[in-house]
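> Requesting a structural model of the entry that follows:
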Amino acid sequence: MKKSRLLLLGLVGLTMAGCSATGQSKSAAASATSANSSSTKSSVGKILSTETANPDIAYKMASKKVKFYRSLKEFGKKSGIISDYVTESGSTFGAVKKYTTSTGVYYHLINYDYGGYGFDHADMPDTTAEYRQNVDNGYVKSTDLKRYHPIKKAWTYKHRKPYYVGNTWSHRLWNAPVATMHYAYVMRGFDRLAMQQLYATKEEVKRSDGAHYVYLETAKGRKLGWVAKSPKTLIAGYYRDPGSQFLTIQPGQTMRKHVQSKKSTHNRVGINDSLSLQQRAYVVKSQYQVSKVLVMGMDNRPTKIYFSNGHATKVKFYEYWRKPWKTVTKPKKLRTHFSVWHEFAEGVPTRVSFFSSKSSKLAAVKTEGSDGSATTTIYRSGKVAFKTHLYKHVVTYPLSDFK
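Have a look, this model is predicted:
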């Protein structure tokens, strides 16, 4: 499954490269001719006025005979056609320029696009060469378009709805529900939001696929962004510290919480993993020996290990939404190592390793992702060590870009 995920990324990359190449040819010609279009003599007639249009007003094609032209000067000429109804089927468009002429109204169009890991989010990417090459779609007469409303339904909650994070990497926070603005981009991930209370303040439903998105903010009102309303990502209700939720402390026992430092995560954002999530470990000791450990790994899944006289007796795994999932009790596995894969995330296994009684180490829990891995090591003394390893030749971004 891990290979299939990488293959999919490769296919997406090839597709985007193809789109970029096509966009380059369209954009170069369009930009070269639009500057002097006001003086052009073509089938569009005399240009009476030019206005900047709002690209977040969406359009769909109104005719199966629609043609997209490289410039107003080449409008109506077969040699000026750069696209048509079949090629653009299903696309959503925004207009960046409106031209009123003696023969009607014409729009300079861009395709709705989304992505955002590679752009500087302090600035919308409208003027960047890469963005323009990808989305510029030439000129169309207004009568060949019809208004389209990407949001089917929207409302604001009377009272904020409480949520906290389960799966930190399957969804991200966007500036708008995906494909509902001319450019939707990732504002931030959930890596550093996994240990706090979040609230939803409003909700929108996309017309294209019926997907629900909620707008999140922190308990203190810090605005975060839009995320798909998935129970696999967001857990409805008030945040509970996993140590308190999963560990019962008996008389004579002590529990200590350990949290990975921000620096040791490298403060990087990965596309496929929660690289900057701070791992946590809750260590319970009875009479100076470790009796139970709860680990929250890089993917935010709880793993609980039971010990007796320095040896593991049971490992219990939980799903992202904190429901019991799998229990391992076989002595052979509990003396060496084993891996488990979540049912819908085959590419993100958790590997649990155990050490001999002669070692100062007791156990290690490792999350193996696509962009990196992260390990929590528990020592017999109760000490805990954390490590996040970024794979080479994998594109990651500074966490500071997404704050």
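> mind listing the strands for the stretch 101-250 of the chain?
Along the stretch 101-250 of the chain, the segments classed as strands by DSSP state E, counting those that start in this stretch run 104-111, 113-115, 136-141, 145-148, 151-165, 173-174, 183-188, 198-206, 212-218, 223-228, 234-236.
> Out of these, name the one with the poorest average pLDDT.
Averaged per stretch, pLDDT over these is lowest on strand 113-115, reaching a mean of 84.
> Neighbouring strands of that strand in the sheet, and parallel or not?
strand 183-188 (parallel) (DSSP bridges).
> Bridged to Thr377, which residues?
Applying DSSP bridges, one finds that Thr377 bridges with Ala364, Ala385.
> Run a quick neighbour tally on it.
Thr377: 19 surrounding residues under other Cβ atoms under 10 Å. Glycine gets a C-beta too; all of them are placed from N, C-alpha and C.
> what's around the closest residue to Gly80 other than its chain neighbours, how many residues?
Of all residues not flanking Gly80 in the chain, Glu74 sits nearest, at 2.7 Å (Cβ to Cβ, 6 or more residues apart in numbering). Glu74: 22 surrounding residues under other Cβ under 10 Å.
> wait, doesn't Glu74 sit right on Ile82?
No. Counting by Cβ atoms under 8 Å, Glu74 does not reach Ile82; the two are 9.2 Å apart.
> Lowest-scoring secondary structure element of this structure by mean pLDDT?
Using mean pLDDT, DSSP states H and E, helix 2-34 stands out as the lowest-scoring helix or strand of the chain, at a mean of 41.
> next structured bit after that one?
Using DSSP states H and E, the next helix or strand after helix 2-34 towards the C-terminus is strand 47-52.
> Tell me which residues of that next one come out buried.
For strand 47-52, burial by neighbour count (16 or more other Cβ atoms under 10 Å) applies to Ile47.
> What is the subsequent helix or strand relative to that strand?
Using DSSP H and E, the helix or strand that directly follows strand 47-52 along the chain is strand 58-61.
> Okay, and the beta partners of Tyr213?
Beta bridges link Tyr213 to Glu204, Ala228, judged by DSSP bridges.
> gap between it and Leu193?
Separation of Tyr213 from Leu193 (Cβ to Cβ, to the nearest Å) stands at 17 Å.
> Compare neighbour counts for the two and give me the winner.
Set Tyr213 next to Leu193 and count neighbours by other Cβ under 10 Å: Tyr213 wins out with 25 against 18.
> ok, that one - contacts?
Contact analysis of Tyr213 by Cβ atoms under 8 Å, 6 or more residues apart in numbering lists Trp174, Pro177, Glu203, Glu204, Val205, Lys206, Trp226, Val227, Ala228, Lys229.
> From what I see, Leu275 and Met298 are in contact.
Yes. Using Cβ under 8 Å, Leu275 makes contact with Met298 at a distance of 7.2 Å.
> Need the residues touching each of the two.
By Cβ under 8 Å, 6+ apart, Leu275 and Met298 have these common neighbours: Gly369, Gly372, Ala374, Thr388.
> Find the centremost residue of this protein, please.
Central residue of the chain (Cα atoms, centre = their mean): Arg172, 3.2 Å from the mean position.
> who does the closest residue to it other than its chain neighbours bridge with?
Using Cβ to Cβ, 6+ apart and skipping residues adjacent in sequence, the residue nearest Arg172 is Val186, 4.6 Å away. Here Val186 sits in beta bridges with Trp174, as judged by DSSP bridges.
> what's near enough to touch Val186?
Counted by Cβ under 8 Å, 6+ apart, Val186 has contacts Gly115, Gly116, Tyr117, Arg172, Leu173, Trp174, Phe402.
> how close does the fourth one sit to Ala53?
Distance, Arg172 to Ala53, using Cβ to Cβ: 29 Å.
> Equivalent analysis for the third one, please.
According to Cβ to Cβ, Tyr117 stands 28 Å off from Ala53.
> now swap in the first one and tell me
To Ala53, Gly115 is 22 Å away according to Cβ to Cβ.
> got the residue ranges for the helices in the stretch 201-350 of the chain?
Assigned by DSSP state H, counting those that start in this stretch, the stretch 201-350 of the chain shows helices spanning 242-246.
> Can you tell me which of the strands of the stretch 101-250 of the chain is packed in deepest?
Among the strands of the stretch 101-250 of the chain, strand 136-141 has the highest mean neighbour count (mean count of other Cβ atoms under 10 Å), at a mean of 24.
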